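K.L.:
Here is a sequence together with a model predicted from it:
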Amino acid sequence: RDSHVVWLEPEGLDTDLVYPNGLSGAWPKDVQEKIVRSIVGLEKAEIVQPGYDVEYDFVDPRSLDHGLGVRNVVGLHLAGQICGTTGYEEAAALGI
């Protein structure tokens, strides 16, 4: 690709901080600075909080019963984002 969309989101009403949405990644801070400073208008930007990645685990939904109990662990029931979706789909489906 020749380009990637990044949009600057204000962090709040009483701050000059912005979040460069579209640049998530766990690169070292110096690499993140090079990437941000390569954007026109951000050549002198300073990173206040480096970006980071979040690693997710999931439970194979086939190992659960209809009450979210783990089939091979008696008495263990799960809740929350556990089936590897974004969370929105899972929350909607769990409400059915």
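P.N.:
Everything's here; your move.
K.L.:
Look up how far Asp65 lies from the spatially most distant residue from the centre of the chain.
P.N.:
Distance from the C-alpha centroid of the chain, by CA atoms, centre = their mean, peaks at Val74 (32.1 Å). Val74 sits at a distance of 11 Å from Asp65 (criterion: CB to CB, to the nearest Å). Glycine gets a C-beta too; all of them are placed from N, C-alpha and C.
K.L.:
Now do the shared contacts for the two.
P.N.:
Counting by CB atoms under 8 Å, 6 or more residues apart in numbering, Val74 and Asp65 have no shared contacts at all.
K.L.:
what's the burial count for Thr15?
P.N.:
The number of residues packed near Thr15 is 9, by other CB atoms under 10 Å.
K.L.:
Need the phi and psi values for it.
P.N.:
Backbone geometry at Thr15, expressed as degrees, to the nearest 10, gives phi -150, psi 150.
K.L.:
Just list the residues touching it, thanks.
P.N.:
With CB under 8 Å, 6+ apart, Thr15 has no contacts at all.
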